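Asker: Okay, sequence plus prediction incoming.
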Amino acid sequence: MDHLVDGQHPGADRPQDPQAGGPGMTALVARRTLETTVASPAEIPFDAVLAGQTPMLFKGLVRDWPLVQAGLRSGQAARDYIRAHDQGGRVVGYTGDPAIKGRFFYDETRTAMNFKAERAPLEAFLRRLEEVEGANDAPSVYVGSADLDAYFPSLKAANDLGVGAEVFGPEPPMAGIWIGNRTVAAAHWDMSNNIAVCAVGRRRFTLFPPDQVANLYPGPLEPTPGGQVVSLVDFETPDFDAHPGFREALKNAQVAEMEPGDLLVYPALWWHQVEALEPFNVLVNYWWNAAPAHADTPMNTLLHGLLSLRDRPDFEKQGWKALFDYYVFGPADRAGAHMPEAARGALGPMDEMKARRLRAYLLDRLNR
């Protein structure tokens with residue numbers, strides 16, 4: 001790696017983006033994501049990003065991708081390139097009125113969305129984007145997380161990261177493509193680590209570490225705009241009376257400004273708001289976890305915790321916290337280390353057979 005940049009600078013000194021609706025978050029956040037360069041994606045220090053909880057932005061790393069090069073010529077060239085790889089499947093797209101200003105979010109009740117979702121051929125969404133491109137009052141349109149393997153396998157093959165099991169483990173990543181105009185994905189977290197490639201246009205990621213969850217005022221568990229809980233704070237015009245803790249969140253925030261060919265890596269559970277800043281934008285991303293295939297989703301555990309633990313007296317919750325620290329959050333081998341191996345059961349190393357037995361045991365107890 002060369003020229004690491006620790007990116008500390010006053011956010012108010014950064015130039016305003018006239019297309020992004022004023023200073024907004026960029027005037028409030030003083031820290032930029034760590035920027036660096038490497039020769040190829042295979043040289044990305046993934047351990048430093050994940051174990052170190054240090055998002056990194058790799059400038060120009062995949063600028064030679066054919067998709068990136070098409071976008072550098074024009075938005076039309078990028079759309080035509082995508083068309084050439086379209087398999088004709090029906091993708092899920094989202095459309096919002098000009099009044100939402102690109103922010104896909106809730107309506108005023110926080111019980112319904114301010115946009116509509118539909119499944120249609122990609123061509124329908126590309127034509128819609130072409131019809132409104134450049135209009136000041138354009139509706140917001142985007143295709144979200146279309147699976148590259150299912151819909152664009154040849155595009156994925158032609159625009160390849162060149163990394164595999166040595167990074168992702170035995171399970172391949174879920175690779176998706178995001179296509180749209182000027183849009184804002186409200187701050188949310190994902191259960192997977194993420195590689196985000198700015199392929200066409202410009203993107204801005206505003207990132208927060210997981211421990212800022214309370215200061216980001218998460219919304220309802222359901223419904224959600226895109227499957228994940230989102231922050232209820234309007235980052236463009238934050239209401240500090242309603243969300244006073246957001247001031248503390250801002251002290252821990254960082255911003256990654258991305259240009260075509262830039263690649264951003266950040267760990268699972270980091271909150272991120274994503275802004276697409278041009279009339280036409282494309283993002284390619286890869287979600288992955290190093291967890292074994294038999295591991296359940298931790299979200300199920302959290303939801304069951306709401307059911308079984310949240311409303312108990314505080315002294316009980318503290319006792320359960322100690323038990324969770326011992327059995328779950330401490331060293332994986334601690335709870336069974338003092339037992340004979342044959343007696344450890346689920347307290348020993350987990351495998352597919354033990355996972356099945358434990359899952360069956362849980363289902364039996366839940367169904368009583």
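Answerer: That came through fine.
Asker: Make sure Arg357 is indeed in a helix.
Answerer: Yes. Assessed with DSSP: H, G, I helix; E, B strand; the rest coil, Arg357 lies in a helix.
Asker: Disregarding flanking residues, what is the spatial nearest neighbour of it?
Answerer: Computed as CB to CB, 6 or more residues apart in numbering, the closest residue to Arg357 that is not its neighbour in sequence is Ala346, at 7.6 Å. Every C-beta, even on glycine, is put in place using the N, C-alpha and C of the backbone.
Asker: What is the three-state secondary structure of that neighbour?
Answerer: The assignment at Ala346 comes out as helix when based on three-state DSSP.
Asker: and it, what does it touch?
Answerer: 354, 357-358 (CB atoms under 8 Å, 6 or more residues apart in numbering).
Asker: can you give me the strands for the stretch 151-300 of the chain?
Answerer: Assigned strands in the stretch 151-300 of the chain, in chain order: 174-180, 184-188, 193-200, 203-208, 254-258, 263-266, 271-276, 281-288 (criterion: DSSP state E, counting those that start in this stretch).
Asker: Pipe those strands into a markdown table and attach mean neighbour count per row.
Answerer: Formatted as a markdown table, the strands of the stretch 151-300 of the chain follow (neighbours: other CB atoms under 10 Å):
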| stretch | mean neighbour count |
| --- | --- |
| strand 174-180 | 23 |
| strand 184-188 | 24 |
| strand 193-200 | 26 |
| strand 203-208 | 23 |
| strand 254-258 | 22 |
| strand 263-266 | 25 |
| strand 271-276 | 25 |
| strand 281-288 | 23 |
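Asker: any chance of those in a markdown table, with mean pLDDT and distance to Asp107 too?
Answerer: Below are these laid out as a markdown table (pLDDT from 0 to 100; distance: least, CB to CB, whole Å):
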| stretch | mean pLDDT | distance to Asp107 |
| --- | --- | --- |
| strand 174-180 | 98 | 20 |
| strand 184-188 | 97 | 13 |
| strand 193-200 | 98 | 28 |
| strand 203-208 | 98 | 23 |
| strand 254-258 | 97 | 28 |
| strand 263-266 | 98 | 30 |
| strand 271-276 | 98 | 19 |
| strand 281-288 | 98 | 25 |
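Asker: With distance to Val163 added, can I get these in JSON lines?
Answerer: Listed next are these as JSON lines, based on distance: least, CB to CB, whole Å:
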{"stretch": "strand 174-180", "distance to Val163": "12"}
{"stretch": "strand 184-188", "distance to Val163": "25"}
{"stretch": "strand 193-200", "distance to Val163": "9"}
{"stretch": "strand 203-208", "distance to Val163": "21"}
{"stretch": "strand 254-258", "distance to Val163": "19"}
{"stretch": "strand 263-266", "distance to Val163": "11"}
{"stretch": "strand 271-276", "distance to Val163": "21"}
{"stretch": "strand 281-288", "distance to Val163": "9"}
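Asker: Any idea which of those gets closest to Gly227?
Answerer: Evaluated with CB to CB, those place strand 184-188 nearest to Gly227, the distance being 8.8 Å.
Asker: Using PDB, write out every CA atom in the closest one.
Answerer: Output of strand 184-188 as PDB, limited to C-alpha atoms (Å, rounded to 0.1, in the frame of the first residue of the first chain):
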ATOM      1  CA  VAL A 184     -30.600   8.500  -1.000                       C
ATOM      2  CA  ALA A 185     -30.600   5.200   0.900                       C
ATOM      3  CA  ALA A 186     -31.300   6.200   4.500                       C
ATOM      4  CA  ALA A 187     -28.700   5.100   7.000                       C
ATOM      5  CA  HIS A 188     -29.000   1.400   7.900                       C
END
